[in-house]
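Visitor: All I have is the shape, not the residue letters:
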């Protein structure tokens, strides 16, 4: 079984849910931020970063990010990774490759989310600790 595609699919589904339900019920102590600049390489690899803070939960927590440019309905998932929820502030960095014509240097919109997969019967359910949206500058690099 390929774990990376399964994780990417789970994080993508969480990002879609995130856009639909927001961060209702999230603890105000918990937060995720996005740095004002991201990088885009000539091969289409985008790197985004920021910080997060969350309290312990019952399931694994992930930091995911997506970016759009031009049409806000077209979002590109830019990686995701495990988060450590211990109440302290931590840094996150996600990278992902998009087609070379999908994004360019300039202003883009980033959504970052801090999502927990909570055990619930047969399948875990997403619970959002924090979500943020920010316009950033994509720079060559």
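Guide: Done, it's in. Everything numeric in this text was worked out from a predicted model, so none of it was measured.

Visitor: So, low pLDDT: which residues of this structure?
Guide: Filtered on pLDDT under 70, the chain yields the residue ranges 1-27, 100.

Visitor: Name the residue most distant from the centre of it?
Guide: residue 121 (25.5 Å; C-alpha atoms, centre = their mean).

Visitor: All the helices of this structure, residue numbers only.
Guide: 3-21 (DSSP state H).

Visitor: pull the longest strand from it.
Guide: strand 125-140 (DSSP state E).

Visitor: Show me what that one is packed up against.
Guide: Helices and strands touching strand 125-140, as assessed by 3 or more C-beta pairs under 8 Å, 6 or more residues apart in numbering; DSSP states H and E, comprise helix 3-21, strand 31-32, strand 37-40, strand 45-53, strand 61-68, strand 106-118. Quick note: C-beta positions are derived from backbone N, CA and C, even for glycine.

Visitor: how far away is the residue farthest from the centre of the chain from residue 59?
Guide: The gap separating residue 121 from residue 59 is 13 Å, by C-beta to C-beta, to the nearest Å.

Visitor: can you check residue 66 too?
Guide: 21 Å.

Visitor: Between those two, point out the one with more neighbours.
Guide: The neighbour count for residue 66 versus residue 59, taken as other C-beta atoms under 10 Å, is higher for residue 66 (26 against 15).

Visitor: OK, contacts around the more buried one?
Guide: 15, 75, 76, 77, 78, 110, 111 (C-beta atoms under 8 Å, 6 or more residues apart in numbering).

Visitor: That one: what's its closest spatial neighbour, skipping adjacent residues?
Guide: residue 75 (4.4 Å; C-beta to C-beta, 6 or more residues apart in numbering).

Visitor: Quick check, that neighbour in contact with residue 67.
Guide: Yes: here residue 75 reaches residue 67: they are 6.9 Å apart, a contact under C-beta atoms under 8 Å.
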